[in-house]
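A.B. asks: Sharing a model prediction with you, sequence too.
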Amino acid sequence: MTTTPSGASVGLDQVVAARTRLSHVYGQAGQLVIAGYALEELAGRASFEEVAHLLWKGALPDRTELGALSAQMAKVRGLPAVTLDVVRAASKAPPIDALRMACATLSLDLADPNDISREADFASARMITARLPTIAAAHARISAGKEPLAPRADLPHAANFLYMVHGREPDPIAAKALDTYWVTVMDHGMNASTFAARVIASTRSDMVSAVTGAIGALKGPLHGGAPGPVLDMLMEIGSADKAEPWLRNELAQGRRIMGFGHRIYKVRDPRAEVLSRVALEMQGAQLENRHLFDLAREVEKTALRILEEHKPGRNLKTNVEFYTALVLQSLGLQPQSFVALFACGRVAGWAAHVIEQRAEDHLIRPQSEYIGPKGLKLER
Ligand code: ACO
């Protein structure tokens with residue numbers, strides 16, 4: 001932890017900024033708890049819509065509640081014309097920037113954009129969570145020179161997204177893989193974007209503003225991460241027989257192997273374990289890039305063996321980035337869109353934190369330590 005001369009923590013490291021019932025990261029135990037459930041209980045077993053309900057309402061939905069939530073979200077998936085105009089105007093911008101710009105327009109068709117009542121917050125949570133994938137899909141198609149597709153209300157959240165990107169109903173295994181990925185990244189303690197959303201909500205600002213700010217925070221490479229380098233590594237390695245010499249050379253050059261090790265998780269990254277199971281299940285699906293998938297499994301095995309030799313006992317395990325890159329690439333999604341796709345999952349968590357912060361109704365306003373000059377005089 002970095003501290004100032006007076007002993008205060010820089011960057012709020014180790015400072016508890018909020019109380020939450022939503023999620024917690026137990027780094028030493030390698031556990032992520034979401035509203036009382038270990039991640040492994042939920043991912044692949046409860047759908048995105050079910051876990052969104054869990055975060056927003058505090059309990060998994062029964063059949064009636066799930067049907068109602070799914071229908072409400074499906075109904076508002078379509079984008080207002082002005083939002084689609086912004087997506088077109090941002091067709092050359094990175095997908096995460098297009099998402100941020102388009103998200104900001106989502107208050108335009110609200111009856112009262114500044115209504116921050118509990119009911120309005122829930123309605124906005126459903127609307128924004130339903131629409132971010134529509135924005136991401138529209139941007140993917142427009143930037144590839146294609147026309148965007150209208151969402152289909154008869155498909156679940158993840159399946160509809162893949163339909164809107166590829167123009168065909170996805171293989172059920174592929175749809176489940178994306179659903180599981182989104183559940184896996186839905187909430188992760190007091191990360192920077194979640195904190196940003198809570199700070200904005202604490203001023204009694206609206207849900208659209210809070211989520212737009214959170215997207216801005218997620219965009220930075222220190223947060224949204226860079227699954228891209230994992231793909232670059234796999235492309236450079238090219239074939240399984242080249243993995244060992246390539247990885248050994250990286251370590252000999254003093255470089256780190258992308259997709260391995262973690263700052264908080266010192267035992268294992270539970271998200272990587274979940275996504276590794278998804279990757280296994282996907283072996284049965286019609287994948288866009290089967291060769292890369294098989295290569296990645298071989299590279300992983302070799303990297304784990306070599307890293308244990310390189311840093312014995314340091315437990316450098318596969319992290320979430322490795323499998324995120326693999327799963328999303330295998331679904332035929334473009335690497336430059338991975339951060340935006342992360343946002344499409346995390347948005348349910350951001351919205352839940354806004355609702356929770358609203359109940360707290362306490363302005364987040366930390367102190368700073370002044371280190372500038374004092375007593376300066378105007379020389380006039
Ligand atoms: N490859 C090679 N060596 C490594 C790696 C790696 N991937 N990760 C850690 N090490 C080495 C460190 O250099 C350190 O060696 P030292 O003690 O001789 O200095 C030792 O292993 C222990 O590392 P830690 O200090 O425990 O790791 P740290 O917390 O500093 O870093 C990090 C964590 C940044 C994730 C690191 O493991 C890394 O750079 N990994 C590769 C990049 C990556 O995959 N990033 C995505 C992380 S997932 C996420 O943030 C969402």
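C.D. replies: Arrived safely.
A.B. asks: gap between the most centrally placed residue in the chain and residue 193?
C.D. replies: Taking C-alpha atoms, centre = their mean, the centroid of the chain lies closest to residue 342, which sits 2.8 Å from it. Distance, residue 342 to residue 193, using C-beta to C-beta, to the nearest Å: 9 Å. (Glycine included, C-beta is placed from N, CA and C.)
A.B. asks: Burial check on residue 223, number of neighbours?
C.D. replies: 14 (other C-beta atoms under 10 Å).
A.B. asks: list the contacts for the residue nearest to the centre of the chain?
C.D. replies: Going by C-beta atoms under 8 Å, 6 or more residues apart in numbering, residue 342 touches 185, 218, 224-225, 324.
A.B. asks: nearest to residue 37, of the residues you listed?
C.D. replies: Closest approach between the contacts of residue 342 and residue 37, by C-beta to C-beta: residue 185, at 15.3 Å.
A.B. asks: Give me the below-cutoff pLDDT ranges for the stretch 201-350 of the chain.
C.D. replies: 225-227, 283-290 (pLDDT under 70).
A.B. asks: Show me which residues of it sit near the ligand.
C.D. replies: Within reach of the ligand by C-beta under 6 Å from any ligand atom, the stretch 201-350 of the chain has these residues: 225, 256-263, 311, 314, 316, 319-321.
A.B. asks: and which of those is nearest the ligand?
C.D. replies: residue 261 (2.1 Å; C-beta to the nearest ligand atom).
A.B. asks: can you tell me how far the residue nearest to the closest one when sequence neighbours are not counted sits from residue 187?
C.D. replies: If the residues on either side of it in the chain are set aside, residue 261 comes closest to residue 316, at 4.6 Å by C-beta to C-beta, 6 or more residues apart in numbering. To residue 187, residue 316 is 25 Å away according to C-beta to C-beta.
A.B. asks: Give me the more crowded residue out of those two.
C.D. replies: residue 187 (28 against 18).
A.B. asks: ok, residue 210 - how many residues close by?
C.D. replies: 27.
A.B. asks: quick one: the strands in this protein?
C.D. replies: In the chain, the strands defined using DSSP state E lie at 23-26, 31-34, 37-38.
A.B. asks: Put the buried members of the residues of the stretch 201-350 of the chain next to the ligand into a ChimeraX selection.
C.D. replies: Selection of buried members from these for ChimeraX, criterion 16 or more other C-beta atoms under 10 Å:
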select :225,257,258,259,260,261,262,316,319,320,321
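A.B. asks: What is the nearest of the residues of the stretch 201-350 of the chain next to the ligand to residue 21?
C.D. replies: residue 320 (23.1 Å).
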